[in-house]
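Chemist: Build the 3D model from these lines:
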Amino acid sequence: MEPWQLVAIMMSLALASYIQTLTGFAFGLIVMGLLATLDVLPIESAALLCTLLGLFNNGMAMRGHWREINPRLARRLLVTSLPMLPVGYFLAVWLGSERAPLLGMLLGIVILIACLALLAQPGPRATTSPRWHFHTAGVLSGLMGGLFAANGPPLVVVLYRQPMTLIAIRCTLFGVFIVTGIVRMGLSIAAPGRIGDTLPQLLLVGLSGALVVILFTELARRFPPPLSDNRLRQVAYAILLVSSVNLIIKGLI
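Modeler: Residues are numbered from 1 along each chain as shown. Sure, this is the predicted structure:
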């Protein structure tokens with residue numbers, strides 16, 4: 001791996017960790033979008049790295065807040081998300097390196113749709129959404145998590161509409177991310193697909209990246225920027241929109 005690639009990976013992880021800790025979403029989308037846009041890693045390899053380090057980020061962000069998770073809503077999401085994770089994962093393996101431009105364009109389209117859905121998100125409901133809203137979000141999240149290790153947008157859309165405190169919403173998100181991340185990591189190790197010989201190198205990069213994730217997660221926890229939650233989301237959306245348009249154009253060309 002070239003030095004510039006390592007620097008690009010670490011900078012992407014730093015930015016994603018910081019924003020994820022503050023907003024409760026976007027780690028997977030930012031890491032996948034930036035690494036795919038810069039052609040630093042193949043999408044499958046980037047997804048494995050994203051899964052590994054997402055576990056570090058979410059675990060750190062959850063310290064001292066485990067009791068804030070809403071177990072009832074988390075179960076509703078996981079019951080459909082977990083079965084769809086293998087479907088998305090093996091679809092990504094099937095597309096593989098031979099269809100890398102198609103996979104990249106698909107990632108760009110998913111990121112673009114996710115941004116539009118998050119931007120158009122209405123305010124909180126007066127009552128909890130019907131059960132099928134959670135199950136639908138779980139299905140979409142599982143597919144996205146299996147394909148790209150970026151399962152956040154459907155979960156964010158449904159949870160931010162619930163009559164819950166912001167800390168409860170974020171902790172429930174982190175809790176679901178941790179469970180799905182562990183399952184996806186198990187899939188990657190048990191059936192590595194085309195990653196094969198690069199797995200040891202990715203794990204080494206992941207160990208280095210963990211230090212970056214820990215540092216910037218802690219920075220976000222201790223020294224949040226003087227920006228509103230909406231402004232932080234706008235920064236994340238801008239990064240994601242640029243990445244999505246670039247990936248779609250590259251896929252079309």
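Chemist: what sits up against the strand or helix carrying residue 33?
Modeler: Using DSSP states H and E, residue 33 sits within helix 27-37. With Cβ atoms under 8 Å, 6 or more residues apart in numbering as the test, helix 27-37 has contacts from 8-9, 12-13, 15-17, 19-20, 40-41, 43, 46-47, 49-50, 53-54, 57-58, 104, 107-108, 111, 114, 145, 148-153, 236, 239-240, 242-244, 246-247. To be clear about C-beta, it is placed using only N, CA and C from the backbone, and glycine gets the same treatment.
Chemist: which of those count as buried?
Modeler: For these, a burial check counting by 16 or more other Cβ atoms under 10 Å picks out 8-9, 12-13, 15-17, 19-20, 40-41, 43, 46-47, 49-50, 53-54, 57-58, 104, 107-108, 111, 114, 145, 148-153, 236, 239-240, 243-244, 246-247.
Chemist: among those, which are in strands?
Modeler: Applying DSSP state E to these, no entry is found in strands.
Chemist: So which of these sit within helices?
Modeler: 8-9, 12-13, 15-17, 19-20, 43, 46-47, 49-50, 53-54, 57-58, 104, 107-108, 111, 114, 145, 148, 152-153, 236, 239-240, 243-244, 246-247 (DSSP state H).
Chemist: Run through the residues that contact residue 12.
Modeler: Counting by Cβ under 8 Å, 6+ apart, residue 12 has contacts 30-31, 34-35, 40.
Chemist: how about the nearest residue to it, chain neighbours excluded?
Modeler: residue 34 (4.2 Å; Cβ to Cβ, 6 or more residues apart in numbering).
Chemist: give me the number of residues near the one you found?
Modeler: 23 (other Cβ atoms under 10 Å).
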